[in-house]
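> A structural model of the following input is requested.
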Amino acid sequence: MTTGRPVVRWTGRATTGGHMSFDAEWAAHKRAVLARPSPVARLEHEAPAAHGGPDGPAGSLLVGAPSLNGNANLLVEIAALLHEGRPDGDASTMARAPRVHAEVSAQVLRFAASADERLKDTAALFAGLATRLRTTGTDFARVDDDTAAAFLARVVDEGTYVRPEAG
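Coordinates of the predicted model:
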């Protein structure tokens, strides 16, 4: 019975019947996701004018404290979603002897413990990255303020007023 979807093997080679390989299908999915604008789910990595506009040439990146802090907040939200979506402990207790074979029970418990550790590691990684990104945003704002203050001081110290009619 066929469902109309291509059959995909994990080896990355094309399956029988001329269907798309795993690598080709994965690339198609990535292109589709990247082509779809989603400001909520994507990191603010590219400025709106980066496609060629009055504020910058095509391909330029603009960074600001708000985008850094927004991305830090997004990383914290991802860590929280990972924590909320952690595996249910009851799922592991259902696979214990005498309900299932003792070897199956041992492997399920080993997998659950390993998955729990990986989940905690990933959530901690996102939280740590968010902290570093927020610190970077604070440092960026301080350097940006210092640069603006130095520019204004230079204008005051070295600038010369020219009357409009002297022009």
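
> where does this protein dip in pLDDT?
The chain contains residues with pLDDT under 70 at 1-19, 36-62, 89-92, 167.

> what segments of it are helices?
For the chain, the helices defined by DSSP state H occupy 22-35, 65-84, 89-93, 102-158.

> as TSV, those with mean neighbour count would be great.
Just so you know, the C-beta spots here come from the backbone N, C-alpha and C atoms, and that holds for glycine as well. Below are the helices of the chain laid out as TSV (neighbours: other C-beta atoms under 10 Å):
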stretch	mean neighbour count
helix 22-35	12
helix 65-84	16
helix 89-93	11
helix 102-158	13
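
> export those to a markdown table and tack on distance to Pro164?
What follows is the helices of the chain, written out as a markdown table (distance: least, C-beta to C-beta, whole Å):
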| stretch | distance to Pro164 |
| --- | --- |
| helix 22-35 | 51 |
| helix 65-84 | 36 |
| helix 89-93 | 76 |
| helix 102-158 | 18 |
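
> and these: which comes nearest Ala166?
Nearest to Ala166 among the helices of the chain is helix 102-158 (18.7 Å), distances taken as C-beta to C-beta.

> output the contacting helices and strands for that closest one.
Counting contacts by 3 or more C-beta pairs under 8 Å, 6 or more residues apart in numbering; DSSP states H and E, helix 102-158 is packed against helix 65-84, helix 89-93.

> distance to Asp157 added to those, as JSON lines?
As requested, those are exported to JSON lines (distance: least, C-beta to C-beta, whole Å):
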{"stretch": "helix 65-84", "distance to Asp157": "27"}
{"stretch": "helix 89-93", "distance to Asp157": "67"}
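
> among those, which comes closest to Ala148?
helix 65-84 (12.6 Å).

> and the contacts of that closest one?
Helix 65-84 is contacted from outside by 43-45, 119, 122-124, 126-127, 129-131, 133-134, 136-138, 140-141, 144, using C-beta atoms under 8 Å, 6 or more residues apart in numbering.
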